[in-house]
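Colleague: my questions are about this predicted structure, shown below with the sequence.
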Amino acid sequence: MKHEKTLDAIGTVPTWHTPADARAKLSEIIGGFVKTATSAPETSEEDCAVLALKVTAGLGKTATTLRAIARHGEALLARGHVLFYVPTLDLAERAHSEFLRLAPDIPSRVIRGREALRPYDKSKQMCENADLAKKIAGFVPSVTQALCRGVDADENFVESSCASECPYLAQKDVSGPHVVFLSHAYLTVRPPDRRRFPGRAAGRG
């Protein structure tokens, strides 16, 4: 069949790399960015360097970033926490497992929310009063201080009966900088503690 008219192109055709070339380029870019973070001047979070990559799904963004952090882990942690965000807690746990394989000697952990299930007892939530905590969250400056532990009007430390063995609170008491794996739900809240952190990595899965 002969067509009298042809359609004009509405955009340019992208130049595609082979998977091997694309992975090599990805490793070069991410590796260089992470290495720079080990010695970059301290800045506010608003002014810190940012790297955003539009990459085909499945190419290896997460794995490449994990390898780079593992390679420079000691230098990064000397400056503070490294926060590694992924869409879900399940993906955070999987990324953490892979990181442990790559760098078993680099301090790392997963942060779980109050409603998450305990890793060693899936029948219980991290917080025994997770439902109540959720209800009051919008009415108090700090759920932890209002419900769990804090200082009273007489400057005495007080805590609830479940606070001393609470696995959720125990996460806040871990000392020293870590590579911390979190879900995207934590992107809009304060990091696990107030120590400095040289980098955040956020992936889409």
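Modeller: Noted; the coordinates are in hand.
Colleague: check the offset of the longest helix along the chain from the chain's centre.
Modeller: As assigned by DSSP state H, the longest helix anywhere in the chain is helix 19-37. Distance, stretch centre to chain centre, for helix 19-37: 19 Å (C-alpha atoms, centre = their mean, to the nearest Å).
Colleague: elements contacting it?
Modeller: helix 61-71 (3 or more C-beta pairs under 8 Å, 6 or more residues apart in numbering; DSSP states H and E). All C-beta atoms are positioned from the backbone trio N, CA, C, and that covers glycine.
Colleague: how about whichever helix or strand comes after the helix it packs on: buried residues?
Modeller: Next helix or strand after helix 61-71 toward the C-terminus (DSSP states H and E): helix 73-77. Neighbour-count burial for helix 73-77 flags Gly73, Leu76, Leu77 (criterion: 16 or more other C-beta atoms under 10 Å).
Colleague: thinking again about what came up before, what are the contacting residues of the longest helix of the chain?
Modeller: Applying C-beta atoms under 8 Å, 6 or more residues apart in numbering, the contact partners of helix 19-37 are 17, 49, 51, 53, 55-56, 59-61, 64-65, 67-69, 71-72, 76, 198-199.
Colleague: of the residues you listed, grab the buried ones for PyMOL.
Modeller: Entered in PyMOL, the line below selects the buried ones among those, by 16+ other C-beta under 10 Å:
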select buried, resi 55+59+60+61+64+65+67+68+69+71+72+76+198+199
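Colleague: could you check the angle the longest helix of the chain makes with helix 61-71?
Modeller: Interaxial angle of helix 19-37 relative to helix 61-71 (axes from the mean of the first three to the mean of the last three C-alpha atoms, to 10 degrees): 40 degrees.
Colleague: give me the mean pLDDT for helix 19-37.
Modeller: Averaged over helix 19-37, pLDDT sits at 94.
Colleague: any buried residues in that helix, and which?
Modeller: So helix 19-37, judged by 16+ other C-beta under 10 Å, has buried residues Arg23, Leu26, Ser27, Ile30, Gly31, Phe33, Val34, Ala37.
Colleague: check stretch 162-180 too.
Modeller: Buried residues in stretch 162-180 (16+ other C-beta under 10 Å): Ala163, Cys166, Pro167, Tyr168, Leu169, Gln171, Pro177, His178, Val179, Val180.
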